[in-house]
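Peer 1: below is the sequence, then the predicted model.
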Amino acid sequence: MKFKQTFLFVFAAVLTLSAYAQKKPKINKANSARESGELAEAKSIIDAAIEHEKTKDDAKTWYYRGLIYATLDTTSNEQFSGLTDNALEEATKAFDKASELDPDEKGLYVTGDMGIPVLMDQQVNGYYSYYYNTAVEAFSSNEYETAVSNFENAAYIIKDDTGAVVNAAFAAHNGELYDAAIKNYRAAMDRGAQSIDLYYNLLNILVAAKKDNDAALALVNEGLEKFPNDPVLTKNRINLLINMDKVEDAKADLKNAIKAEPENPDLYFTLGVLLEETEDIDGAIEAYKKAIEVKPDHFESNFNYGVILINAANDVIKEVNNLGMSKADQKKAREMQPVIEDKLKAALPQWERVYEINPDEVQAIETLAYIYNQLGMKEKYKEMSSKLN
C-alpha cells in the first residue's frame, strides 16, 4: 500500500512539472525586461516563447525577439554581450519572421517617449544606421577592415539596400582587401546597383590585382549588356582579347554579328575600336564611317573618327616641333605647315559634327577651339573659348 502511495506521489510530481514547463511565456514581460536593461531575463523568456505552441506563431513574439537580440548585439555591457555569439543573425531573422507573419506590420511597434508609437521599420532602420555610422567613422580613420565589417553588417540587416554594400566594396578596395571588394561589388550588382563605376572598379581589381583575364572578360561582357555603348568597357574588352591572343576570334565574332545585324551601329563601332587597337587605322576609319552611315548621330563613332583625324594633324605638328634650328630644319618646317593646315581642315567638319550631336561635350569644345585657333578663325575660336569658360 505504501508502495502505491509513493508511486502516485512521484507521478503527480511529474505531472506538475510538465504543466509548469508548458506555461505560456509572457512576451510583453520579455520586452519590459529589455527596456529596463534586464537582457538575460528578456532573452530567457523570448527564447522559450519561440518554442511554445501558443506564442511561436505570434508576429509580436518574433518582433520582440528581434528587439532583444538587436539590443544584445549592440550593447556595450560585457555582462550581456556574451549571452549569444550570433545576435545579429538572430535579430535579423526574427525581424524578417515578424514581417512574414504580419506583412502590414500593424501590431509591430512599441510605445516611445510621449506615448508616440515607434514602428518596427523605424527600429530596423535604426539598427542599420548603428552599423552604417560605425562603418563611416572607421572609413574616415582609414580602418578599412572595420569599415568593411560594419558596412556588411548594415547590408545584412536590410537586404535590399545597395548603399551599405557599395560602400563595403569601396572600403575594401581602398584597403586593398581585394577578395572582400570583389564579393561586395558583385553583391551590389546582384542587388540592382546601376552605377557603371562598379564595373570599372571591379574590372580594375580583376585585371591589375588578380590578373584574371577570364573573369575580367566575363565581367566586361556582362557590363556591355547593360551599357552597350560604353567606350571604356568596349576598349577594355578589346584589350583583354588582345592580351588573351583572341584578336582574330574577336574580329570573326564581330563580323559574324554584323552579318546578322547589318543595321546595328554598335557592332561597327566595336569593330572600329578593335581595329584601331591593333593599329589598323584605315580599317577602323572604314568601320566608324559605316556606323555613321547606319546611324548618322552615333556619337561614339563620330567621336572616335574625329580623334583619328585630329591625331593625324597632331602627329605632323609633333614632327615639326621636334625639328632643330638649322636652315634645313626650318625649311622643312615651313614646307610642312600646309600639310598641317590641310589635316586640320580635314578634321574640322568632323569635330563640328561631334559638337552638333553633343554641344556639352567638353573635349569637342576644346578640340574645336584648338583647330579654330590654329587655322586663324578668330571669331569661332572666341566662341568656343567663351563656352569653355
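Peer 2: That came through, no problem.

Peer 1: outline the domain layout of this structure.
Peer 2: Per automatic domain parsing, the domain ranges recorded for the chain read 247-296, 312-389.

Peer 1: okay, those, which one's buried deepest?
Peer 2: Highest mean neighbour count among those (mean count of other CB atoms under 10 Å): domain 247-296, with a mean of 17. Glycine gets a C-beta too; all of them are placed from N, C-alpha and C.

Peer 1: circling back: in TSV, list the domains of the chain along with distance to residue 156.
Peer 2: Output for those, formatted as TSV (distance: least, CB to CB, whole Å):
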stretch	distance to residue 156
domain 247-296	39
domain 312-389	41
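
Peer 1: minimum distance to residue 174: which of the ones you listed has it?
Peer 2: Each of the domains of the chain has some distance to residue 174 by CB to CB; the shortest is domain 312-389, at 28.2 Å.

Peer 1: got a pLDDT number for residue 8?
Peer 2: Looking at residue 8, its pLDDT is 35.

Peer 1: with residue 11 instead?
Peer 2: Residue 11 carries a pLDDT value of 35.

Peer 1: please apply the same query to the one 10 residues further on.
Peer 2: Note for residue 21: predicted pLDDT of 52.

Peer 1: oh, and call the first residue 540 from now on, that's how I've got it
Peer 2: Sure, I'll start counting at 540 from here, so that last one is residue 560.

Peer 1: that older thread, between the domains of the chain, which one is nearest to residue 609?
Peer 2: Short answer: domain 851-928, nearest of the domains of the chain by CB to CB, at 48.5 Å.

Peer 1: quick check: mean pLDDT across that closest one?
Peer 2: Mean per-residue pLDDT for domain 851-928: 92.

Peer 1: check stretch 735-753 too.
Peer 2: Stretch 735-753 comes out with an average pLDDT of 97.

Peer 1: same deal with stretch 642-650?
Peer 2: The pLDDT scores in stretch 642-650 average 89.

Peer 1: off-centre distance for that stretch?
Peer 2: 33 Å (CA atoms, centre = their mean, to the nearest Å).

Peer 1: again with stretch 735-751
Peer 2: 12 Å.

Peer 1: stretch 569-589 now?
Peer 2: Centre-to-centre, stretch 569-589 and its host chain are 39 Å apart (CA atoms, centre = their mean).

Peer 1: ditto for stretch 688-701
Peer 2: Centroid separation for stretch 688-701 versus its chain: 14 Å, with CA atoms, centre = their mean.
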